[in-house]
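Asks: model the following, please.
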Amino acid sequence: MNATRRQQRGRHLTVRRRRRLTVTIVAAVALVIAVVAVTAVALIRAQGPVEPETAGTPAPATATPTPPPLTPAQQLLAGSDDPNACAVSFAGDGITDAPQLQSQGALYAYLPIPAREGAVFAGWYATPEDAAAYTVGARVNGADVVTCADAQTTLYGSWKTPDEVAAEDVGLPILMYHQFTTKPEGESGWLKANYAYTGDFDAHMSYLAETGFYLPLWDEVSAFIDGRLYLPSRSAVVTDDDADSSWLELAAPVVQAYGIPTTSFVITSARTEPTPNMYVLQRSHTHDMHTAGDNGQGRMVNWPVADMVADMETSAQILGAKEVMAYPFGHYDENAKEALRQAGFEMARTVEPGYVRAGTDKLAMPTIRINYGMGLDAFINLVG
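Replies: Modelled structure (predicted):
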């Protein structure tokens, strides 16, 4: 009996020990599983959310918006390295001219002159209203400084009928000055008539500026002669012969102050300095033909055509332009005109008195000579 009880107690102890061991193992396993689970969750959170994958299908790419195409004006600006660039667009009835690049702070250079069957171009204007009214004060050309907002601006064109232009019968004065003096009584000697008193010159330029004269450049003069461009009746071109020191020192500052574009006809064998200011356009008075030839006449009626062509080519190379010239002493003939054609010059100014009109010979344009003693009243009678 006793042995049996001891055996029974032994068996009971063994069962209890086994149960305790099992509980311990189960608890340990549970602890390991918990630790692994916590670690996995931490790693997943550290890596961020994982997008579900579809077998065999790549994740869609984000679409990049297509920028709108650049306008022609924007394309011009994009290709320019000028920090002052201004893209000028043109608008108006029947006008299809492409935009131009101009430079802010400079004068407009060579604006287009459109053509249309049965019409004469009447200029560019700041607004459509000005274009419709032909407002001279708002007409824009190479006498005006380029200004624009956000590197762009638009000019508006207008037209007149050929009959309207013919009815006005505009005569354009090309004013011719030479030397200048600060003496009211003028200079002495046989060239006294050449010297304009600076007080008179200032009054002349003030009158042109303050009374709203239109001041065409040479491309406009050419188109006016061809009948392609309308000029207002109060228009004028200011020129100086010889580029004398008195012109540079006394007169050039005056045209700058009033904003009057002026052409200085330069003898390039005597002077090669750059223009004194942006309102002074330098053109040719020949290179070395401002000298009397064998017969006392100027070299332009003495030299062979080939020699004149070479001289004019040299002058143009120094000035960087052709376009127009002034005959020395006003002397010219058919050989001189042929030399200019061969050298690539389109226009020439003589000393013959008169006004430029539609149909004028471009290689024999007349002039209005300004002599010493011409006061404002006499000037107004000449220019209107």
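Asks: could you find the closest non-adjacent residue to the residue nearest to the spatial centre of the chain?
Replies: Closest to where the C-alpha atoms of the chain average out (C-alpha atoms, centre = their mean) is Gln102, at 1.7 Å. Once flanking residues are discounted, Gln102 sits nearest to Val146: 4.5 Å by C-beta to C-beta, 6 or more residues apart in numbering. (C-beta placed from N, C-alpha, C; glycine too.)
Asks: contacting residues around that neighbour?
Replies: Val146 is in contact with 86, 88, 102-108, counting by C-beta atoms under 8 Å, 6 or more residues apart in numbering.
Asks: these: which two are farthest apart?
Replies: Val88 and Gly105 (14.0 Å; C-beta to C-beta).
Asks: who has more neighbours out of these two?
Replies: Legend: neighbour count by other C-beta atoms under 10 Å for Val88 and Gly105, higher for Val88 (22 against 11).
Asks: contacting residues for that one?
Replies: Contacts of Val88 (C-beta under 8 Å, 6+ apart): 99-102, 108, 111, 146, 148, 152-155.
Asks: what residues are bridge-paired with it?
Replies: Using DSSP bridges, the beta-bridge partners of Val88 come out as Gln100, Thr153.
Asks: so how far is His287 from it?
Replies: 35 Å (C-beta to C-beta, to the nearest Å).
Asks: swap in Met347?
Replies: 18 Å.
Asks: how far does stretch 251-264 sit from the chain's center?
Replies: 20 Å (C-alpha atoms, centre = their mean, to the nearest Å).
Asks: list the buried residues for it?
Replies: Under the neighbour-count criterion of 16 or more other C-beta atoms under 10 Å, stretch 251-264 has 251-252, 254-255, 258-264 buried.
Asks: restricted to strands, list those residues.
Replies: 262-264 (DSSP state E).
Asks: end-to-end on stretch 319-338?
Replies: End-to-end distance for stretch 319-338, by C-alpha to C-alpha, to the nearest Å: 21 Å.
Asks: please renumber the chain so that the first residue is 751 from this point on.
Replies: Happy to do that; since the first residue is 751 now, the last one works out to stretch 1069-1088.
Asks: and that stretch, what's its mean pLDDT?
Replies: In this model, stretch 1069-1088 has a mean pLDDT of 97.
Asks: same thing with stretch 1009-1028?
Replies: Here the average pLDDT along stretch 1009-1028 is 97.
Asks: buried residues of it, list them for me.
Replies: Buried, per 16+ other C-beta under 10 Å, within stretch 1009-1028: 1009-1019, 1021, 1025-1026.
Asks: distance to Val870 for those residues - can I get that in CSV?
Replies: Listed next are those as CSV, based on distance: C-beta to C-beta, whole Å:
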residue, distance to Val870
Gly1009, 27
Ile1010, 26
Pro1011, 23
Thr1012, 26
Thr1013, 24
Ser1014, 30
Phe1015, 29
Val1016, 33
Ile1017, 37
Thr1018, 36
Ser1019, 41
Arg1021, 39
Thr1025, 32
Pro1026, 35
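Asks: quick one: low-confidence ranges for the chain?
Replies: Residue ranges of the chain with pLDDT under 70: 751-811.
Asks: how about the strands in this structure?
Replies: Under DSSP E, the chain gives strands at 835-841, 850-853, 870-875, 889-890, 902-910, 924-927, 929-931, 945-947, 987-992, 1012-1016, 1030-1034, 1073-1076, 1095-1103, 1115-1119.
Asks: out of those, which gets nearest to Gly1134?
Replies: strand 1115-1119 (11.0 Å).
Asks: off-centre distance for that closest one?
Replies: 30 Å.
Asks: what angle sits between that strand and strand 987-992?
Replies: Inter-element angle recorded for strand 1115-1119 and strand 987-992: 80 degrees (by axes from the mean of the first three to the mean of the last three C-alpha atoms, to 10 degrees).
Asks: where exactly do the helices run in the stretch 751-900 of the chain?
Replies: Using DSSP state H, counting those that start in this stretch, the helices of the stretch 751-900 of the chain run over residues 752-797, 822-828, 878-883.
Asks: contacts for the second one, please.
Replies: Right, the one you point to is helix 822-828. Against helix 822-828 from outside (C-beta under 8 Å, 6+ apart): 820, 835, 837, 839, 848-851, 901-902.
Asks: run the last query once more with 6 Å
Replies: With C-beta atoms under 6 Å, 6 or more residues apart in numbering as the test, helix 822-828 has contacts from 835, 837, 839, 849, 851, 901-902.
Asks: straight-line length of stretch 1111-1127, end to end?
Replies: Using C-alpha to C-alpha, the two ends of stretch 1111-1127 sit 30 Å apart.
Asks: likewise stretch 813-829?
Replies: So stretch 813-829: terminal residues 28 Å apart, C-alpha to C-alpha.
Asks: tell me which residues of it are tucked away?
Replies: Those would be 823, 826-827, for stretch 813-829 by 16+ other C-beta under 10 Å.
Asks: what are the buried residues along stretch 1057-1067?
Replies: 1058-1059, 1061-1062, 1064-1066.
Asks: with adjacent residues omitted, what lies nearest to Pro912?
Replies: Val870 (5.8 Å).
Asks: please apply the same query to Met1097.
Replies: Met1097's closest residue in space is Val1074 (C-beta to C-beta, 6+ apart), at 4.1 Å.
Asks: what about the one you found, how many residues nearby?
Replies: 27.
Asks: surely it meets Leu1090?
Replies: No - when contacts are counted by C-beta atoms under 6 Å, Val1074 is not listed as touching Leu1090 (9.7 Å).
Asks: pull the residues that contact stretch 1004-1022.
Replies: So stretch 1004-1022 is contacted by 893, 952, 955, 959, 965, 988-991, 993, 1027, 1029-1033, 1035, 1037-1038, 1040, 1065, 1068, 1076 (C-beta under 6 Å, 6+ apart).
Asks: count of residues packed around Glu1096?
Replies: 17.
Asks: what does Gly1109 give?
Replies: 9.
Asks: thanks again, I'm all set now.
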